[in-house]
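Trainee: quick one, structure for this:
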Amino acid sequence: MIEQALIDDDYFVPDADNLVTEDDTPVDNFASAKQQRLLVSSIYSSQQERTFLAEANVGIFHTANQPAIVPDVFLSLNVGVPENWWDKQNRSYLVWLFGKAPEVVIEIVSNKVGNELGDKLNIYEHMRVSYYIVYDPSKQLGEQVLRIYELRGMRYCETTETWLEQVGLGLTLWEGEFEGRQDLWLRWCDKEGKVLATGDERTQQAEQRAQQAEQKAQILAEQLRALGVDPDTL
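Mentor: Reported below is the predicted structural model:
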């Protein structure tokens, strides 16, 4: 059993020194790893005004005497990484230290052994994660590519609503290119369905706007010259 430490003479929590916070075992495939990067990088690039923690493949410790569960991606609002993240208790998401479970957990299905619709669903429900998302791009679990579960009371209810009201974000399936790979991707979006841009996409958009502004300036200059006006003298 995990040893426990007394805090404030009232509450017992597991001793972080006895937790297995990382095992350095590579388990992901190329597709899942790239999908995880897209989800995490885009939210950090586009939601800079908010306080949150989004990570991939980081363990969540939720119950004493139980090992961590490691979602593919999670999002927790109004929390941040502790200052000294090399401390053992700060290397993973310890629910009793953060004071809450993440609001969103996403599992990316690549085979039939993950039990995403069984044990994992029950664990996240018990943790009271507001939204549990199962993304199944290769249809390992059936014909449904995207499943969204919303916590209502004590139980998850499957919903077709892709706007996650409690976090102010939506999810959408997007056909396009990411890191040189054309595919169908799961992406964050706003209420109108516009995807949250990655840092590279934001740079590209800024360059496109600059090019369009330059083109408009050149057209205006040509029109002025046609009228006998030298634009360089204005």
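Trainee: where does Trp96 fall, helix, sheet strand or coil?
Mentor: Here Trp96 is helix, with the state taken from DSSP: H, G, I helix; E, B strand; the rest coil.
Trainee: helix, strand or coil for Lys216?
Mentor: Criterion first, three-state DSSP; result for Lys216: helix.
Trainee: now do it against Asp230, distance only.
Mentor: Here the criterion is Cβ to Cβ, to the nearest Å. By it, Lys216 lies 18 Å from Asp230. In short, each C-beta sits where N, CA and C put it, glycine included.
Trainee: now swap in Phe61 and tell me
Mentor: Taking Cβ to Cβ as the measure, Phe61 falls 71 Å from Asp230.
Trainee: again with Tyr124
Mentor: 68 Å.
Trainee: any buried residues in the helix or strand containing Ala33, and which?
Mentor: Assigned by DSSP states H and E, Ala33 falls within helix 30-46. By 16 or more other Cβ atoms under 10 Å, the buried positions in helix 30-46 come out as 32-36, 38-43, 45-46.
Trainee: quick one: strands adjacent to the next helix or strand after it?
Mentor: Sequence-wise, the next helix or strand beyond helix 30-46 is strand 52-56, with elements assigned using DSSP H and E. Strand pairing for strand 52-56, using DSSP bridges, gives strand 73-77 (antiparallel).
Trainee: wait, what's in contact with Leu220?
Mentor: Contacts here follow Cβ atoms under 8 Å, 6 or more residues apart in numbering; on that basis Leu220 touches Pro231.
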